[in-house]
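> Take a look and give me a structure for this.
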Amino acid sequence: MSSSVFDENETKEFDIANISSSQQMDKLPSAYKVGFPPRKSLVSEFSEALKETLFTDDPLRPYKDQTRSRQFALGLESLFPILKWGREYNLRKFKGDLIAGLTIASLCIPQDIGYAKLANLDPQYGLYTSFVPPMIYAFLGSSRDIAIGPVAVVSLLLGHLLGQEVDYTKNKEEYYRLAFTATFFAGITEAALGFFRKLKGLLGIQNFTRKTDIISVMHSVWGSVHHGWNWQTILIGLAFLGFLLLAKYIVSVFTLLLYKFRIFEFLGKKKRSLFWVPAIAPLISIILATFFVYITRADKHGVQIVKKIKRGVNPSSLHQIYFSGSNLVKGIKIGVVSGMIALTEAVAIGRTFASMKDYQLDGNREMVALGTMNIVGSMTSCYIATGSFSRSAVNYMAGCQTAVSNIVMSIVVLLALLLITPLFKYTPNAILASIIINAVIGLIDYKAAILIWKIDKLDFIACMGAFFGVVFVSVEIGLLIAVSISFAKILLQVTRPRIVLLGNLSRTTIYRNIQQYPEAARVPGFVIVRVDCAIQFSNSNYVRERILRWLRDEEEQLQEKNLPQTEFLIVEMSPVTDIDTSGIHAFEDLYKSLKKRDIELLIANPGPVVMEKLEASKFTELIGSGNIFLTVGEAVLNFSKKAGEEA
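Predicted coordinates for the structure are as follows:
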């Protein structure tokens, strides 16, 4: 029997199915009535709303019934989580952190040099960014596994946004000052929320487009084929890219071999120990590539090299940050955009590993920690740092126990800055491009795109909009497309809420969506609808019109079948979390429209907020308190009796 057909058999089925349940309800002394919430003062109502909005996790709970000294200690621990877990720190944990720190340091040194190139910064600034920010985060952050440093996406975005404002080749000093300013305001953005080009290096092309869309990039690539490509550079880049990809997937290959030779049980013990293979591969690549370039003097044959990385500790860059002038606005704009992207990535990574290890990650504390480290970083010649997924994965696999692994990595990077940076002189840019490409390949997750398509088509459109926007236009246009589509989705959900028709499940007093439960029967004389969201000015007219349309459709079907017309309309309001003045006016208009048709309006299960506003507006007096019920079943039972008595 189709849910869209209302005939005599369906009426009979409902009557028979509900005889026993009606008899049981007749024996009840009385039906419950919808309660009116106690009135609150304006101050208490505002304070409760403010607390629920800003402090959902009740941060003051640990301070209750504590001595002043203990409250002070808890306050320090909330600011510096290292004071809390540091009390339980031991040699066993340090061993895990030491190994993990040394491992991610071997990964971050070659990556940081490449990421700095993505942002059009000198190589040492990438190393600086893995020195100061991780040290700050270790004291302020709540994640045990996240590894801090520059990342490919943020570096590429920062380089693109800075390049739109300042020409790096013509005004290098202003470019750096704007980068530090953007980093400062990225940190401010993250902290405030807490409180409330790859082909260029691979092919050896010197004059490369500053645009990031694929058309401009490919035009530069193929336009330079006769005079810009260098075969030695291409050979170095492709050879080591192949080596990096092989190292990255060697664990998977090893897994297949073990499975083939029926020694898969051995894998459970040994697979985890192979994490160092892809982790150490970038450093090995840099050592080998630098050695080959040095002994063959390939730099004299057109192979571009790093040439020089400044040796020593970060110089202060506080005096280079713009705090006035037109560049201040540019820095804020770039910093806010880059900071939000960096924050999103870090929190997502932190929550992933916190879920894997079953501990709580404090989102507000993370934003404060990330913001503070970038503020300090902007004053010490660093650019925007965040959580790196590749490093965090290696950190986790290496057995890190606490954020001390970040401190170990920071110390190793400091030693590298003091002692070995001159050794990178002959490092070819092609190997840095290979490292970046290898890292970026991991960002392409087609399985996630397929999953998004299966779950939500609008989310998939936003995903594809961002992808094609970045590929064919620019990074910010891609982000703008994704945000616009997502915002349009939210507006659509708010302005066009779901309103469904309910039917009765046989031999119960349960009423459910007839589209989800086709066997649910309509109740003769009643039209029962449910509104599935808050009723506000943005959707109030739609809610009224959609309910009237349901009523009109049902009446037309009844008229075609020569069945009794609708006498009662029941609106089930349990999903309605709030209603404003426009929503109440819409219900008043609905009541008047129904009255002209001799149809009575009934309301079932309004929540406390809704009930309070219905009473304050005197809507309850308009329809009568006897027309408001705790459940749909009670409304149907009471007015079925009433209709029978009148008959």
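> Helices of the stretch 1-150 of the chain, start to end?
Taking DSSP state H, counting those that start in this stretch to define them, one finds helices in the stretch 1-150 of the chain at 8-17, 19-26, 42-54, 68-79, 82-85, 91-118, 123-129, 132-140.
> Tabulate the ones you listed (CSV), appending mean neighbour count.
To be clear about C-beta, it is placed using only N, CA and C from the backbone, and glycine gets the same treatment. Below are these laid out as CSV (neighbours: other Cβ atoms under 10 Å):
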stretch, mean neighbour count
helix 8-17, 15
helix 19-26, 12
helix 42-54, 10
helix 68-79, 13
helix 82-85, 16
helix 91-118, 23
helix 123-129, 27
helix 132-140, 25
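> Can you say which of those is nearest to Gly325?
When the helices of the stretch 1-150 of the chain are compared by Cβ to Cβ, helix 123-129 sits nearest Gly325, at 22.9 Å.
> how far does that closest one sit from the chain's center?
The chain centre lies 28 Å from the centre of helix 123-129; the measure is Cα atoms, centre = their mean, to the nearest Å.
> helices and strands around it, which ones?
helix 91-118, helix 404-419 (3 or more Cβ pairs under 8 Å, 6 or more residues apart in numbering; DSSP states H and E).
> Export the ones you listed as CSV, with columns for distance to Met611 and mean pLDDT.
Below are the helices and strands packed on helix 123-129 laid out as CSV (distance: least, Cβ to Cβ, whole Å; pLDDT from 0 to 100):
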stretch, distance to Met611, mean pLDDT
helix 91-118, 54, 86
helix 404-419, 52, 92
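> want to try TSV for the ones you listed, with distance to Lys307 as columns?
Shown next, in TSV, are those (distance: least, Cβ to Cβ, whole Å):
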stretch	distance to Lys307
helix 91-118	12
helix 404-419	17
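> and Ser378, which of those helices is closest to it?
Among these, helix 91-118 comes nearest to Ser378, with 15.2 Å by Cβ to Cβ.
> That closest one packs against which elements?
helix 123-129, strand 147-149, helix 152-165, helix 276-296, helix 389-397, helix 404-419, helix 429-441.
> hey, which of these is tucked in deepest?
Highest mean neighbour count among the helices and strands packed on helix 91-118 (mean count of other Cβ atoms under 10 Å): strand 147-149, with a mean of 32.
> List the contacts of that strand.
Strand 147-149 has contacts (Cβ atoms under 8 Å, 6 or more residues apart in numbering) with 104, 108, 111-112, 129-130, 133-134, 137, 141, 373, 385-388, 391-392, 394-395, 405-406, 409.
> Of all the helices of the stretch 1-150 of the chain, which one comes closest to Asn539?
Smallest distance to Asn539 across the helices of the stretch 1-150 of the chain (Cβ to Cβ): 21.8 Å, for helix 42-54.
> How far away from the center of its chain is stretch 180-195?
18 Å.
> just for the stretch 1-150 of the chain, where's the confidence low?
Applying pLDDT under 70 to the stretch 1-150 of the chain flags residues 1-32, 35-37, 40, 46, 49-60.
> mind running it again at 80?
Counting by pLDDT under 80, the stretch 1-150 of the chain shows low-confidence ranges at 1-66, 78, 107.
> Pull up the gap between Val473 and Asp459, please.
Distance from Val473 to Asp459, counting by Cβ to Cβ, to the nearest Å: 21 Å.
> closest one to Asn90 among the helices and strands packed on helix 91-118?
helix 404-419 (11.4 Å).
> just checking, what packs against that closest one?
Using 3+ Cβ pairs under 8 Å, 6+ apart as the contact test, the elements touching helix 404-419 are helix 91-118, helix 123-129, helix 132-140, strand 147-149.
> Among the ones you listed, which comes closest to Ile584?
Ile584 lies closest, by Cβ to Cβ, to one member of the helices and strands packed on helix 404-419: helix 132-140, at 47.5 Å.
> what about the stretch 151-300 of the chain, any weak spots by pLDDT?
Across the stretch 151-300 of the chain (using pLDDT under 80), the flagged ranges come out as 193-287, 290, 293-294, 298-300.
> can you give me the helices in the stretch 401-550 of the chain?
Taking DSSP H, counting those that start in this stretch as the test, the helices found in the stretch 401-550 of the chain are 404-419, 429-441, 446-455, 457-472, 475-495, 540-560.
> Next SSE downstream of the lengthiest helix in the chain?
Longest helix in the chain by number of residues (criterion: DSSP state H): helix 326-357. Going down the chain from helix 326-357, the next helix or strand is helix 363-378, by DSSP states H and E.
> Mind giving me the packing neighbours of that next one?
On a contact count with 3+ Cβ pairs under 8 Å, 6+ apart, helix 363-378 meets helix 132-140, helix 172-195, helix 326-357.
> So what's the residue count around Lys333?
For Lys333, the neighbour count with other Cβ atoms under 10 Å is 15.
> How about it, nearest residue that isn't a chain neighbour?
In this structure, Lys333 finds its nearest non-sequential neighbour in Leu161, 7.9 Å apart by Cβ to Cβ, 6 or more residues apart in numbering.
> separation between that neighbour and Arg177?
14 Å.
> Pull up the gap between Ile420 and Tyr542, please.
66 Å.
> quick one, which of these two is more surrounded?
Neighbour totals were compared for Ile420 and Tyr542, and Tyr542 leads with 15 against 12 (other Cβ under 10 Å).
> how close does the more buried one sit to Asp580?
From Tyr542 across to Asp580, the span is 14 Å (Cβ to Cβ).
> Over to Lys613?
Distance, Lys613 to Asp580, by Cβ to Cβ: 8 Å.
> on that earlier part again, with distance to Gly633 as extra columns, can I get the helices of the stretch 401-550 of the chain in CSV?
Compiled in CSV, the helices of the stretch 401-550 of the chain are given as follows (distance: least, Cβ to Cβ, whole Å):
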stretch, distance to Gly633
helix 404-419, 59
helix 429-441, 58
helix 446-455, 34
helix 457-472, 36
helix 475-495, 29
helix 540-560, 20
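> Lowest average pLDDT across those?
Here the helices of the stretch 401-550 of the chain differ in mean pLDDT, and the lowest is helix 429-441 at a mean of 69.
> How about Thr290, nearest residue that isn't a chain neighbour?
Thr290 sits nearest to Thr427 (Cβ to Cβ, 6+ apart), 4.6 Å away.
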